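Colleague: structure, please.
(one chain, ligands or ions: 2)
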Amino acid sequence: MSSRITIERHILDQQKLYPQASGIFSGLLYDIALAAKYINREVTHAALVDALGSADSINVHGETQQKLDMFADSTIIRICNSTGRLCIMASEEHDDVIPIPEDYFGGKYALVFDPLDGSSNINVNVGVGTIFGIYRKISSGVYGTIEDVLQPGSKLAAAGYILYGPSTMLVYTTGQGVFGFTLDQTLGEFFLSHPNITIPDKASYYSVNQGRQRYWPEGVRKYIEWLQGLDDPSRPHVDTRYTGSLVLDFHRNLVNGGVFMYPGDMQKPSNISGKMRLVYEGNPLSFIAKNAGGYASDGLQDILTIKPRTLHQRVPLFIGNRDLVQEVERFIATNDGDWMTTYKAQRDGKQ
Ligand code: AHM
Ligand code: MG
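Modeller: Ligands and ions are numbered 1, 2, ... in the order given. Next up, the predicted model:
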């Protein structure tokens, strides 16, 4: 039998890179991997166990919650809240932060997560994902406060995602390389399958919901035409792929090279910052992209430098190959003065 590296072994090996590490952080990563196995089992059996469909409840974003959204959310909370490793949590599915019950010890870390991203794809058997980020506690006191989860992405200690697709993968980084693991369904264990992921220099794809094109700022529209080579037919075009599941689209571009975008738009004032959530989606994926040699921007600046003001703050997201993301910043700077002013005021809480 060839010696395969389990996620536990890998996490412990990574721990050795931090001589002062206590093992708490490693334990937390392993807790998340365990939650991923539960969610994977439910996602893959959903059609058989009546777990598909909506749950007759609406989340903080006004979206109908799916049964699997709620299963994933409660699974992560149940596994992570009693270990003494966390001081607080925040989930895309909750209005407010999730405290650690007082029966349990408070820990040194704060967890943010989107339990099941892309859930509108669940009922048609298209892959979905879980996204997470881990911050060090900065508040005083035994338990955490909202301050711990509203840190800029540059302060992340780790981030990752789980992709429930034809195979289930867990990808994570602690800031020293990005590693991908594939779940061996027969053994119920994640094994290292993608050591040291870096985004290829050449981008293969761009991913965007082109149906919203008419609402985009002018610079974004011109940028897409530039990607398509419409301004200069002698230049090769970039192909497009879009599933509507962020984790899938992000993962494809991470492995093959490319750029994912969900721009802010002009349809109504509440759309000026787009759809993606800074805390649960933008920051963790931007941290991964950066550690794989990529870059993420809100169209104006590095996502990781934005200090979230609120838990469910939205952010335009351009993420993937550095050169392509910097190019969209140039298009926006040249064409979208009005959008930039309005967006910036909203982002910075000045309107
Ligand atoms: P969700 O967190 O409620 O599932 O929404 C986020 C999803 C992303 O996975 C995906 O990139 C995007 O919404 C798709 O939005 P749209 O349908 O507007 O293209
Ligand atoms: Mg989401």
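Colleague: going forward, measure contacts and count neighbours with C-alpha atoms only.
Modeller: OK.
Colleague: low pLDDT regions in the stretch 51-200 of the chain?
Modeller: Counting by pLDDT under 70, the low-confidence segments of the stretch 51-200 of the chain come to 51-57, 59-65.
Colleague: residue in it nearest to ligand 1?
Modeller: Proximity to ligand 1, evaluated over the stretch 51-200 of the chain using Cα to the nearest ligand atom, is greatest for residue 118 at 3.3 Å.
Colleague: wait, that residue touches residue 242, no?
Modeller: No: counting by Cα atoms under 8 Å, residue 242 is not a contact partner of residue 118; they are 11.8 Å apart.
Colleague: list the contacts for the residue of the stretch 51-200 of the chain closest to ligand 1?
Modeller: The neighbours of residue 118, taking Cα atoms under 8 Å, 6 or more residues apart in numbering as the test, are 127-129, 244-247.
Colleague: ok, residue 314 - how many residues close by?
Modeller: Residues near residue 314, counting by other Cα atoms under 10 Å, number 24.
Colleague: go on, the one 4 residues further on?
Modeller: Here the count is done by other Cα under 10 Å, and residue 318 has 28 residues near it.
Colleague: do the same with residue 3
Modeller: Applying the criterion other Cα under 10 Å, we find 5 residues in the vicinity of residue 3.
Colleague: for the protein, what lies in contact range of ligand 1?
Modeller: Neighbours of ligand 1 within the chain, by Cα under 6 Å from any ligand atom: 117-119, 209, 244-246.
Colleague: make a PyMOL selection of whichever of those turn out to be buried.
Modeller: To isolate the buried ones among the residues of the chain next to ligand 1 in PyMOL, judged by 16 or more other Cα atoms under 10 Å, type:
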select buried, resi 117+118+119+244+245+246
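Colleague: now, the residues of the chain next to ligand 1 that are in strands?
Modeller: residue 117 (DSSP state E).
Colleague: in helices only, show me the residues of the chain next to ligand 1.
Modeller: Restricting those to those inside helices, with DSSP state H as the criterion, leaves residue 246.
Colleague: identify, from the residues of the chain next to ligand 1, the entry nearest to residue 139.
Modeller: Comparing the residues of the chain next to ligand 1 against residue 139 with Cα to Cα places residue 117 closest, at 28.6 Å.
Colleague: pretty sure the closest one is touching residue 246, no?
Modeller: Yes: taking Cα under 8 Å as the contact criterion, residue 117 and residue 246 are neighbours in contact, 6.9 Å apart.
Colleague: give the residues shared as contacts by these two.
Modeller: A shared contact of residue 117 and residue 246, defined by Cα under 8 Å, 6+ apart, is any residue touching both; here these are residue 129.
Colleague: which strands or helices does the host helix or strand of residue 329 pack on?
Modeller: In this structure, residue 329 is located in helix 322-335 according to DSSP states H and E. Contacts defined by 3 or more Cα pairs under 8 Å, 6 or more residues apart in numbering; DSSP states H and E place helix 322-335 against helix 218-227, strand 258-262, strand 295-297, strand 317-320.
Colleague: in this protein, which residue sits furthest out from the middle?
Modeller: residue 234 (35.6 Å; Cα atoms, centre = their mean).
Colleague: picking that back up, would a markdown table of the residues of the chain next to ligand 1 with distance to residue 263 be doable?
Modeller: Supplementary listing: the residues of the chain next to ligand 1 in a markdown table, determined by distance: Cα to Cα, whole Å:
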| residue | distance to residue 263 |
| --- | --- |
| 117 | 18 |
| 118 | 17 |
| 119 | 20 |
| 209 | 9 |
| 244 | 14 |
| 245 | 15 |
| 246 | 13 |
